[in-house]
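*Asks:* Predicted coordinates and the sequence they were generated for:
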Amino acid sequence: MKEKEHIKRSHNVTLLLYHVVLPAKYRRKVFTEEVTKWLINICKEIEEQYEIYFLEIGSDEDHVHFMIQWLPSMSVSRIITILKSKTSNYLFMEHGKELRKYLRWWKLWTSGYYVNTVWAFAWEQTIREYIRNQWWSKYEKRYEQCVELWQLPLWWM
């Protein structure tokens, strides 16, 4: 995965980081280690086609966390549409038999998603560690730490 960098264009410089969570359809447990490796490879291809940079990718059995950076010219819904459609198509091409045991109609993702901006100079490391430690042994502890941080009063920022 890439490190965060400012994206420089002729008239602007941006550093916008987002934490995106995409749950599998019906919360099925489809993200095995092999499927997750394929997902990471697909995201590398998406990086090359679009100006979307994946800084971290971590999966649990029924959902995937991403830390993504992109230009403000693309809306959140556009990014989510690209991410869901490309990953779903490629994963079903490679792991169709395995995924069809749990899912129908070639639909990998739910219609919903979660997106949060990441404050690059304080919470970024906490969210990075949370995404890296998605497997069950560390899941509950990291989640509780993130929830405690998110509950800070707004005046603190």
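*Replies:* Looks like it arrived, so ask away.

*Asks:* The residue most central in space within the chain pairs with what?
*Replies:* Here the mean C-alpha position of the chain is nearest to the C-alpha of residue 66 (CA atoms, centre = their mean), at a distance of 2.0 Å. Counting by DSSP bridges, residue 66 is bridged to residue 20, residue 57.

*Asks:* from what I can see it touches residue 57, true?
*Replies:* Yes: counting by CB atoms under 8 Å, residue 66 touches residue 57, with 5.5 Å between them. In this view, the C-beta of every residue, glycine as well, is placed from N, C-alpha and C.

*Asks:* Overlap in contacts, the two.
*Replies:* 43, 131 (CB atoms under 8 Å, 6 or more residues apart in numbering).

*Asks:* Where does the prediction get shaky in this structure?
*Replies:* Under the criterion pLDDT under 70, the flagged ranges of the chain are 1-3, 95-97, 99-106, 120-122, 135-157.

*Asks:* any idea where the strands of it begin and end?
*Replies:* 7-8, 13-14, 17-23, 52-59, 63-70, 114-118 (DSSP state E).

*Asks:* Would you reformat the ones you listed as JSON lines and include distance to residue 92?
*Replies:* Formatted as JSON lines, those follow (distance: least, CB to CB, whole Å):
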{"stretch": "strand 7-8", "distance to residue 92": "31"}
{"stretch": "strand 13-14", "distance to residue 92": "33"}
{"stretch": "strand 17-23", "distance to residue 92": "15"}
{"stretch": "strand 52-59", "distance to residue 92": "17"}
{"stretch": "strand 63-70", "distance to residue 92": "15"}
{"stretch": "strand 114-118", "distance to residue 92": "23"}
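
*Asks:* Could you say which of these is packed most deeply?
*Replies:* Most buried of the strands of the chain by mean neighbour count (mean count of other CB atoms under 10 Å) is strand 63-70; its value is a mean of 22.

*Asks:* From the chain's centroid, how far away is that one?
*Replies:* Strand 63-70 sits 2 Å away from the centroid of its parent chain (CA atoms, centre = their mean, to the nearest Å).

*Asks:* just the angle between it and strand 52-59, please?
*Replies:* Relative orientation of strand 63-70 versus strand 52-59 (axes from the mean of the first three to the mean of the last three CA atoms, to 10 degrees): 160 degrees.

*Asks:* Could you name the helices and strands sitting against strand 63-70?
*Replies:* Strand 63-70 makes packing contacts with strand 17-23, helix 33-49, strand 52-59, helix 76-100, helix 124-132 when contacts are defined by 3 or more CB pairs under 8 Å, 6 or more residues apart in numbering; DSSP states H and E.
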